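>>> structure for the following, please:
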Amino acid sequence: MAERRTLNVNGRSRTITVDDPDMPLLLALRENLGLNGPLFGCGLAQCGACTVHVDGKPVRSCVLPLSKVAPAQKVVTIEGLSQGSRLHPVQRAFVEEQAVQCGYCINGMIMQSAAFLAGNKNPSEADIRKALAGNICRCGTHTRIVRAVKRAAGQA
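Numbers count the residues shown, from 1 in each chain. I've put the predicted structure just below:
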């Protein structure tokens with residue numbers, strides 16, 4: 001039976017109709033709200049491509065049941081990370097460091113990095129690598145990604 005759910009996504013209250021309240025948040029974001037920033041990668045919370053923020057914390061939306069997201073919780077996707085037309089410092093640093101190759105992991109890398117930098121304003125390279133260890137990039141832009149996070153640390 002269809003059920004209506006209210007979500008606070010990117011600063012807006014949105015109501016959707018779903019058949020399964022335990023569907024992954026990722027599917028609700030992509031299929032019901034048309035937000036294609038969070039990507040489906042592994043479906044097992046192991047690659048990080050689906051990372052979004054829930055109340056400021058990075059979560060793997062591919063395994064988070066929609067029923068576990070309360071209407072008052074703030075969900076932020078890559079689309080909502082910027083401030084209007086102004087890129088978030090992490091997004092800007094990824095562009096400046098040319099940290100994107102194929103681009104599949106980048107949304108998750110940016111979301112993970114933004115949450116990490118919110119609590120660590122002056123990370124070491126080892127801190128950055130540890131924080132991003134759960135995000136998989138197969139293209140080999142790790143060095144540029146680490147440089148981008150380090151650059152953003154001075155701006156975030």
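
>>> which non-adjacent residue is nearest Val9?
Val75 (4.7 Å; Cβ to Cβ, 6 or more residues apart in numbering). Every C-beta, even on glycine, is put in place using the N, C-alpha and C of the backbone.

>>> doesn't that neighbour belong to a helix?
No - going by DSSP: H, G, I helix; E, B strand; the rest coil, the assignment for Val75 is strand, not a helix.

>>> what number of residues lie near it?
For Val75, the count of nearby residues is 25 (other Cβ atoms under 10 Å).

>>> so what's it up against?
Val75 makes contact with Leu7, Asn8, Val9, Asn10, Leu25, Leu29, Val52, His53, Val54, Val69 under the criterion Cβ atoms under 8 Å, 6 or more residues apart in numbering.

>>> and what of Gly140?
Gln101.

>>> which strand or helix spans it?
Gly140 is part of no helix or strand, with elements assigned from DSSP states H and E.

>>> measure it to Leu64 for me?
29 Å (Cβ to Cβ, to the nearest Å).

>>> and Leu44, what does it touch?
Cys62, Val63.

>>> pLDDT score for it?
Note on Leu44: pLDDT of 97.

>>> same question for Leu132.
Value listed for Leu132 in the pLDDT field: 97.

>>> hmm, it is touching Ser113, no?
Yes - applying Cβ atoms under 8 Å, one finds Leu132 in contact with Ser113, separated by 6.9 Å.

>>> so where's this protein uncertain?
Along the chain, segments meeting pLDDT under 70 span 156.

>>> tell me the bridge partners for the residue nearest to Val9.
Val9, Val54 (DSSP bridges).

>>> can you tell me how far it sits from Arg12?
10 Å.

>>> before we move on, what about Ile128?
Taking Cβ to Cβ as the measure, Ile128 falls 32 Å from Arg12.

>>> which one's more surrounded, the two?
Neighbours were tallied for Ile128 and for Arg12 using other Cβ under 10 Å; the higher tally belongs to Ile128 (23 against 9).
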